[in-house]
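Student: here's a sequence, model it:
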Amino acid sequence: MIYYDGCPSSFTFCIIVQDNTIGYFNDKLWEVGVKLFADGSPHCGTAAVTEPYLNTPLTETLGFPPAPSNGTLNWVSGELAGSIRKWTNEGKQIAVHCHGERACEQVLEIYEQVGLKNFHHH
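Tutor: Below you'll find the model as predicted:
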């Protein structure tokens, strides 16, 4: 197993694939899609939001990044668009984690750019 080499260098984890491909593994385990993480979590202060997180005793206790912080976008838009386009062209389902407004806006703009009109694949 290897890490897919198209993941941004800022990732702390990535999609694990076998032989640098995504697809069928066996009759009990297979893969039909890819989940990407556009941002972090509001519980850690890493969701990519428009209004900055504030410093409070709770955020300091929880270890949030120091204020002012608007969280983190995990992808440069061009890299995310390229990955979504690649896997969509291969017929894979795409799921994107995005909590913050900046991440949601980034993903929706990329879906429009890539030409995804139906966001539901079944």
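
Student: phi, psi of the closest residue to W87 other than its chain neighbours?
Tutor: Excluding its sequence neighbours, the residue lying closest to W87 (CB to CB, 6 or more residues apart in numbering) is V34, at 5.0 Å. Every residue, glycine included, has its C-beta placed from N, CA and C. When read as degrees, to the nearest 10, the backbone of V34 gives phi -130, psi 140.

Student: V34 and A47, how far apart?
Tutor: Distance from V34 to A47, counting by CB to CB, to the nearest Å: 21 Å.

Student: those two: which has the busier surroundings?
Tutor: Neighbours per residue (other CB atoms under 10 Å) separate V34 from A47, with A47 holding more: 23 against 20.

Student: make sure the more buried one is actually in contact with H99.
Tutor: Yes - contact status for A47 versus H99: in contact at 3.9 Å, counting by CB atoms under 8 Å.

Student: overlap in contacts of the two?
Tutor: Taking CB atoms under 8 Å, 6 or more residues apart in numbering as the contact rule, A47 and H99 both touch D39, G40, S41.

Student: nearest to L116 among the residues you listed?
Tutor: Checking those against L116 by CB to CB gives D39 as the nearest, at 19.0 Å.

Student: give me phi/psi at the closest one?
Tutor: Taking degrees, to the nearest 10, you get phi -150, psi -170 for the backbone angles of D39.

Student: burial of it, as a residue count?
Tutor: D39: 25 neighbours (other CB under 10 Å).

Student: please apply the same query to A81.
Tutor: A81, neighbours per other CB under 10 Å, totals 18.

Student: how close does it sit to G63?
Tutor: 32 Å.

Student: could you dump the shared contacts of A47 and H99 into TSV with pLDDT and distance to Y53 added?
Tutor: Output for the shared contacts of A47 and H99, formatted as TSV (pLDDT from 0 to 100; distance: CB to CB, whole Å):
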residue	pLDDT	distance to Y53
D39	95	13
G40	92	11
S41	90	12
